[in-house]
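Trainee: with the input below, show me the fold.
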Amino acid sequence: MSLFEKLEQATRDRDARGYIDLLSDDCVFVRHQSGTTLNRADMSAMLERMLAEGGMEMGNRRCLYENADILVVHSIIDYADGTREAVLSVYMLEDGKITSLETGATPLVK
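Mentor: Okay, here's the model as predicted:
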């Protein structure tokens, strides 16, 4: 199963633990809103909120490219606060784990 398929399964199942298990211990997330970074613990807390019922709704997600080093995904996300974004996510990979994630987003009108 590809990493994209594992992420999709965890997201679909709202399985925060399954998603978090794909992160390396030193994983870093660069937030598109502020350019600030989150470590694995901060990402874990964010994923638990986002994947909880009522957190976010994932629309269409497409794997644009994946190999052993990188995964590029485009998705439409509806957030609990009523906003919607088109998000481009770039995951850097090592040994089947996510070492970093950076996103870029475009706000969408519902």
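Trainee: find the residue at the geometric middle of this protein.
Mentor: Nearest residue to the geometric centre of the chain (CA atoms, centre = their mean): Ser89, 6.9 Å.
Trainee: element containing that residue, please.
Mentor: According to DSSP states H and E, Ser89 maps onto strand 84-94.
Trainee: tell me the buried residues in that strand?
Mentor: Within strand 84-94, the residues that qualify as buried by neighbour count (16 or more other CB atoms under 10 Å) are Arg84, Glu85, Val87, Leu88, Ser89, Val90, Tyr91, Met92, Leu93. (C-beta placed from N, C-alpha, C; glycine too.)
Trainee: with stretch 9-23 instead?
Mentor: Under the neighbour-count criterion of 16+ other CB under 10 Å, stretch 9-23 has Ala10, Thr11, Arg14, Ala16, Gly18, Tyr19, Ile20, Leu22, Leu23 buried.
Trainee: look up how far Ser89 lies from the third one.
Mentor: Between Arg14 and Ser89 the distance is 18 Å, computed by CB to CB, to the nearest Å.
Trainee: got the buried residues for the biggest helix by length in the chain?
Mentor: In the chain, taking DSSP state H as the definition, the longest helix is helix 40-51. Neighbour counts over helix 40-51 (16+ other CB under 10 Å) mark Arg40, Met43, Ser44, Leu47, Met50, Leu51 as buried.
Trainee: now the second one: closest residue in space that isn't a chain neighbour?
Mentor: So that's Met43. Nearest residue to Met43 in three dimensions, chain neighbours excluded: Phe29, at 5.0 Å (CB to CB, 6 or more residues apart in numbering).
Trainee: can I assume the one you found is in contact with Leu101?
Mentor: Yes: with contact defined as CB atoms under 8 Å, Phe29 counts as touching Leu101 (4.6 Å).
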